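> Take this sequence and fold it.
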Amino acid sequence: MTGPLTTLAAYLLGSIPFGYLIVRWKKAIDVRQTGSHSTGATNVMRNLGFAGFLATFILDFGKGVAAVMLASRLTASDPRWIAAAAVAAVAGHIAPVWLGFRGGKGVATGVGVFIALAPVPMGLTLVIFGVLVAIWRYISLGSIAATAAFPALVYLLNHPPRPILLGAAGAAALIIAKHHANIRRLLAGTEGKVGKKAVGSRQHAVGG
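Below you'll find the predicted structure:
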């Protein structure tokens, strides 16, 4: 039963709504009623500035790392349960049971999960993100493309056990699916760019 319990623990850990709690503590408001309606670091920044962004990003990142490391320790590094924990942690952030399954976009938690799974491919993923944002100035495009690239980089560079590859792909799919509104705006040409306030749309950044 250790494996299923670690998966449940990973989901519950991922579902801790740090952004929601920080904004509730500092301003006594529901962050989901402001900005992009997300509990992620960027929406926290809209309410609390860069300090709020940094605190939320670090905590959301940390719970992704912790979920994977906990599963590794408790299941004797069984790749099946490590992969399950990776997906569960991202799912917990996106759909936290404590907040009626309305959370963030999973990026910061995903970064933590991905670094714990495969640090070198994750480093290259961050390079891809930076290059795409520098060229096209769409943070959402960089986030989506880099997330999609991660499983391929894991396969090419690490040749991991199949469960790890499937876990990386599953977590990436959840994050990309949560960006469905950004994808629609990118296709319509209405997505906001870095340094330019979007009219009639919400600009997406890491952590949402």
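> now the lengthiest helix in the chain: how far from the chain's centre is it?
Longest helix in the chain by number of residues (criterion: DSSP state H): helix 41-74. Distance, stretch centre to chain centre, for helix 41-74: 9 Å (CA atoms, centre = their mean, to the nearest Å).
> again with stretch 93-113
In terms of CA atoms, centre = their mean, the centre of stretch 93-113 is found 7 Å from the chain centre.
> Can you classify residue 143 by secondary structure?
Under DSSP: H, G, I helix; E, B strand; the rest coil, residue 143 falls in the helix class.
> Count the neighbours of it for me.
The burial count assigned to residue 143 is 27, neighbours taken as other CB atoms under 10 Å. Every C-beta, even on glycine, is put in place using the N, C-alpha and C of the backbone.
> and the gap between it and residue 40?
From residue 143 across to residue 40, the span is 11 Å (CB to CB, to the nearest Å).
> Listing request: residues of this protein with sub-threshold pLDDT.
Flagging of the chain using pLDDT under 70 yields the residue ranges 1, 196-208.
> 80 instead?
1, 194-208 (pLDDT under 80).
> which residues are in contact with stretch 136-152?
If you take CB atoms under 8 Å, 6 or more residues apart in numbering as the criterion, stretch 136-152 is touched by 107, 110, 114, 118, 121-122, 124-126, 128-130, 132-133, 165, 168-169, 172, 175-176, 179, 182-183, 185-186, 191, 193-196, 203-206.
> Give me the buried stretch members for it, please.
For stretch 136-152, burial by neighbour count (16 or more other CB atoms under 10 Å) applies to 138-151.
> need those residues in TSV with distance to residue 27, can you?
Output for the buried residues of stretch 136-152, formatted as TSV (distance: CB to CB, whole Å):
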residue	distance to residue 27
138	29
139	24
140	26
141	31
142	29
143	26
144	30
145	34
146	31
147	30
148	35
149	37
150	34
151	38
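> Now the buried members of the contacts of stretch 136-152.
Counted by 16+ other CB under 10 Å, the contacts of stretch 136-152 give 107, 110, 114, 118, 121-122, 124-126, 128-129, 132-133, 165, 168-169, 172, 175-176, 179, 182, 185-186, 191, 203-206 as buried.
> Identify those among those that sit within strands.
Assignment to strands by DSSP state E places none of these there.
> Residue 6: neighbour count?
Quick note: residue 6 (other CB under 10 Å) scores 25 neighbours.
> Show the contacting residues for it.
Taking CB under 8 Å, 6+ apart, one finds 70-71, 74-75, 81, 84-85 in contact with residue 6.
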